[in-house]
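What follows is a predicted structure for the sequence shown.
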Amino acid sequence: MTELLYQTDSYLKNFDAMVKALDAENHAVLLDKTAFYPGGGGQPFDLGMIRSGQQVIPIKRAKNISGEVWHYLAEEASLPPIGTSVQGEIDWERRYQTMRTHTAMHILCGVVFRDYGALVTGGDMEPLLGRMDFEFESMSADLVKVIETAINKEVAAARNIKIAILPREEAFQIPDLIRTKINLLPSEIKNIRTVEIIGLDLQADGGTHVSNTLEVGMLHISDYKSKGKINKRIYLEISDPVRKEEL
Ligand SMILES: [Zn+2]
């Protein structure tokens, strides 16, 4: 299993690792540990590079296959042999935008659940853009404005975000987690990682998040759509430029 460094430190940009296996056909390397997010839960995979000796190799994608994170190298690079020490560096601008976006999505679903009891059914994001689907029959244009105000209020409330990794049995005791359907997680998953926006939202989640809602920036609901009587989709835009360095 690859050690997932981003799970405990979302702000890690550089890391040392070792090549554990090669996939010549797909021009990919397996690393013993990584800060590259391999995609999942609506959050896109990271881009970036690894250094191997003098060679700087762009990473085109990262993918988790049964707990092993494969890094797909640019075609022109040669595959570093098994056992090689490499230094990884993620494309931080893109990742930080993605972290802000992912946290914004949790703010949205936290507010919509708290204020209207509506549950999320799906979502997707790219840096600074997100969409989220809800079972939310009463949603309307007027309500969208109210929700936009409410989510920006949560950003301004400067709520801290806490990551925890809990034994499965312990996580199952937390009532808030049940609505995110952790009971559907495969039984071989023994530890559950939780992401808590203190006072607003708690979810089982494997993604990367900022550490305070202030970092998210201004939120704008750019559009919404009915996907039937009950299912509604909300589109979110996150505007720059709140940077951690400026806080
Ligand atoms: Zn999430």
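Right, received. Where do you want to start? Residues are numbered from 1 along each chain as shown.

Could you list everything the residue nearest to residue 123 when sequence neighbours are not counted pairs with in the sheet?
Closest residue in space to residue 123, ignoring its immediate chain neighbours: residue 132 at 4.1 Å, by CB to CB, 6 or more residues apart in numbering. The C-beta positions use only the backbone N, C-alpha and C, and glycine is treated the same way. Assessed by DSSP bridges, residue 132 has beta-bridge partners residue 123, residue 234.

Which other helices and strands does the longest helix seen in the chain contact?
Longest helix in the chain by number of residues (criterion: DSSP state H): helix 92-116. Helix 92-116 sits against strand 119-126, strand 129-135, helix 141-156, strand 191-197, strand 201-204, strand 218-226, strand 231-239, with contacts defined as 3 or more CB pairs under 8 Å, 6 or more residues apart in numbering; DSSP states H and E.

7 Å instead?
strand 119-126, strand 129-135, helix 141-156, strand 191-197, strand 201-204, strand 231-239 (3 or more CB pairs under 7 Å, 6 or more residues apart in numbering; DSSP states H and E).

would TSV of these with mean neighbour count and mean pLDDT be doable?
Formatted as TSV, the helices and strands packed on helix 92-116 follow (neighbours: other CB atoms under 10 Å; pLDDT from 0 to 100):
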stretch	mean neighbour count	mean pLDDT
strand 119-126	17	93
strand 129-135	20	96
helix 141-156	16	96
strand 191-197	19	93
strand 201-204	22	93
strand 231-239	19	95
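
Present those as JSON lines; the columns should include distance to residue 28.
Output for the helices and strands packed on helix 92-116, formatted as JSON lines (distance: least, CB to CB, whole Å):
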{"stretch": "strand 119-126", "distance to residue 28": "23"}
{"stretch": "strand 129-135", "distance to residue 28": "28"}
{"stretch": "helix 141-156", "distance to residue 28": "38"}
{"stretch": "strand 191-197", "distance to residue 28": "25"}
{"stretch": "strand 201-204", "distance to residue 28": "28"}
{"stretch": "strand 231-239", "distance to residue 28": "31"}
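
Next to the ion in this structure, residues from this structure, please.
Residues of the chain lying close to the ion (CB under 5 Å from the ion) are 205, 207.
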